[in-house]
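1. Got a predicted structure here, sequence first:
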Amino acid sequence: MKTRAAIAWEPNRPLEIEEVDLEGPKAGEVLVRIVTTSLCHTDLFTLSGRDPEGLFPCILGHEAVGIVEDVGRGVTSVAPGDHVIPLYIPEDPNCDYIKSGKTNLCQTIRKTQGAGVMPDGTSRFSYKGRKLFHYMGTSTFSEYTVLPEISVAKINKEAPLAKASIMGCAIPTGIGAVRNTAKVEPGSSVAVFGLGAVGMAAIQGAVLAGASRIIGIDTNPTKFPLARSLGATDCVNPRDHAQPIQDVLIEMTNGGLDYTFEAIGNVNVMRAALEACHKGWGECTIIGVAGDGEEIATRPFQLVTGRVWRGTAFGGVRGRSQLPDMVEEWLRGDFDVDPYITHHMEHEQINTAFDLLHKGESIRSVIHFDPRQTLKMEQLPGTLVTR
Ligand SMILES: NC(=O)c1ccc[n+]([C@@H]2O[C@H](COP(=O)([O-])OP(=O)(O)OC[C@H]3O[C@@H](n4cnc5c(N)ncnc54)[C@H](O)[C@@H]3O)[C@@H](O)[C@H]2O)c1
Ligand SMILES: N[C@@H](CCC(=O)N[C@@H](CSCO)C(=O)NCC(=O)O)C(=O)O
């Protein structure tokens, strides 16, 4: 079949929308019509050429929601018409990692996914006979995409498709980092470095966990009003201070934080986030993704004296068994998706979404594949980007 897809031909080149050939789902695979997709910083990161797993030409996109159109042989857990969220971390109940109960990092298809192909080693996408790589096993910047069955989470059909893409990465990552990875306790002090959608969701997670002090840190103060409205008790711009940010935070909290989160992808800030932790027990969770060859450093004494460095992918959320419940939490009103959505646009304007995120002017831009179906601005938060 044909699908309209945004092709990333090479690093740092604007995406080009073309009619791409897409092979139907093979055994164990699912064809999904993407209804909306949003842009995460990781897509921007990979397009920048800094991702060691970045393969070109490819179809980027991993934060989305769609409807199952067709299934391959042997698929039993979803059927045409089901609403699904694509998962860049699949969940195979037979995977030893999943069976361990200790991690969400299912490894069943990790190698082929990282190589930009489906589990049988081939790509479903091509353009004029040239193979296009899949990205993160999802490739949601295409109206139709093919995924392994273990890479889709079936969700409640009540979830509005114009907003639910944000549940494909930013919100579970931020809330999950606080809840599943750091396991923040009520009354804790928390600092979140980087107030994009992921950092904002970590703030929301900290509120849900009952944290008593939540400090948001960003070099872009236009992010502060939203952070405060989500529950940040203080906002700090490191550029307003002569001392290193970790010293500022240690002073503000009389010794350091119980929990810190880095949601930027900057190895220097990762160090600051660790060193802002309280001696003896403070824990720093790395969410941000850093470029090829970059490394983190600190004095080992920081760890010897009880601070902990850990990391999280997709907030430790197991996609098929836990994400549908998080969607229910949203539908119940435990948390809101609206504040994350700053812009809406059509597929043809996808490069504008990259520009807005790059300039720090958006939190999340939602891209609508069928605007007549979902782009009803009177019901949606955010601004419509017109051509
Ligand atoms: N681990 C995971 O599973 C996972 C999931 C999603 C995203 N991510 C990563 O999380 C990070 C955040 O993603 P996002 O979509 O929220 O990005 P974003 O671009 O929307 O937000 C990043 C924020 O960091 C701020 N910032 C940049 N440099 C800073 C500095 N030196 N000090 C303080 N603030 C600074 C920016 O102003 C911006 O507000 C990215 O690295 C992304 O790749 C990881
Ligand atoms: N491919 C990169 C790392 C990219 C990365 O860390 N991805 C996160 C998700 S970011 C979502 O926006 C992740 O899930 N990692 C776990 C995994 O990929 O198995 C690199 O090679 O450095």
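-> Noted; the coordinates are in hand. Ligands and ions are numbered 1, 2, ... in the order given.

2. Within range of ligand 1, give me the residues from the stretch 101-250 of the chain.
-> Applying Cβ under 6 Å from any ligand atom, one finds that the stretch 101-250 of the chain approaches ligand 1 through 169, 173, 193-199, 217-220, 223, 238. Any C-beta I mention is one placed from the backbone N, CA and C, and that applies to glycine too.

3. Go through those residues and name the one nearest ligand 2.
-> For ligand 2, the closest of these turns out to be Cys169, at 5.0 Å, with distances computed as Cβ to the nearest ligand atom.

4. Okay, and the beta partners of the closest residue to that closest one other than its chain neighbours?
-> Nearest residue to Cys169, sequence neighbours excluded (Cβ to Cβ, 6 or more residues apart in numbering): Glu63, at 3.9 Å. When bridges are taken as DSSP bridges, the partners of Glu63 come out as Ser38.

5. ok, Glu63 - how many residues close by?
-> Number of residues near Glu63 (other Cβ atoms under 10 Å) recorded here: 29.

6. so it touches Phe141, yeah?
-> No. Glu63 is not in contact with Phe141 according to Cβ atoms under 8 Å; the separation is 10.3 Å.

7. who touches both of the two?
-> Listed contacts common to Glu63 and Phe141 are 37, 43; contacts here mean Cβ atoms under 8 Å, 6 or more residues apart in numbering.

8. what's the residue closest to the geometric middle of the chain?
-> Residue closest to the mean C-alpha point of the chain, counted by Cα atoms, centre = their mean, is Cys169 at 3.0 Å.

9. that older thread, out of the residues of the stretch 101-250 of the chain next to ligand 1, who's near ligand 2?
-> Within the set of these, contact with ligand 2 (Cβ under 6 Å from any ligand atom) is found for Cys169.

10. Tell me which of the residues of the stretch 101-250 of the chain next to ligand 1 fall in helices.
-> Helix and strand membership here follows DSSP state H; of those, those in helices are 173, 197-199.

11. Just put those residues in CSV and tack on pLDDT and neighbour count.
-> What follows is those, written out as CSV (pLDDT from 0 to 100; neighbours: other Cβ atoms under 10 Å):
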residue, pLDDT, neighbour count
Thr173, 99, 27
Ala197, 98, 29
Val198, 99, 31
Gly199, 98, 30
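
12. can you give me the strands in the stretch 201-350 of the chain?
-> Along the stretch 201-350 of the chain, the stretches classed as strands by DSSP state E, counting those that start in this stretch are 213-217, 234-236, 259-262, 283-286, 308-311, 341-346.

13. ok, residues contacting the fourth one?
-> Put plainly, it is strand 283-286. With Cβ under 8 Å, 6+ apart as the criterion, strand 283-286 contacts 177, 181-182, 258-262, 270, 273-274, 276-277, 296, 307-312.

14. Paired strands for it, with orientation please.
-> When pairs are called by DSSP bridges, strand 283-286 turns out to pair with strand 259-262 (parallel), strand 308-311 (parallel).

15. Pro381: which of the ones you listed is closest?
-> Relative to Pro381, the nearest member of the strands paired with strand 283-286 by Cβ to Cβ is strand 259-262, separated by 24.2 Å.

16. State the mean pLDDT of that closest one.
-> Along strand 259-262, the predicted confidence averages to a pLDDT of 99.

17. what's next to that strand, contact-wise?
-> In this structure, residues lying in contact with strand 259-262 by Cβ under 8 Å, 6+ apart are 174, 177-178, 182, 184, 188-194, 199, 202, 206, 211, 269-270, 273-274, 276-277, 282-288.

18. What subset of the residues you listed is buried?
-> With neighbours counted using 16 or more other Cβ atoms under 10 Å, the contacts of strand 259-262 contain these buried positions: 174, 177-178, 182, 184, 188-194, 199, 202, 206, 211, 269-270, 273-274, 276-277, 282-288.

19. follow-up on the earlier one: go through the strands of the stretch 201-350 of the chain and pick out the most buried.
-> Comparing the strands of the stretch 201-350 of the chain by mean neighbour count (mean count of other Cβ atoms under 10 Å), strand 259-262 comes out on top with a mean of 32.

20. From Leu22, how far out is the residue nearest to the centre of the chain?
-> According to Cβ to Cβ, to the nearest Å, Cys169 and Leu22 sit 23 Å apart.

21. How about Leu384?
-> Taking Cβ to Cβ as the measure, Leu384 falls 29 Å from Leu22.

22. neighbour-wise, which of the two wins?
-> Set side by side, Leu384 and Leu22 give different neighbour counts by other Cβ under 10 Å, the larger being at Leu22 (23 against 13).
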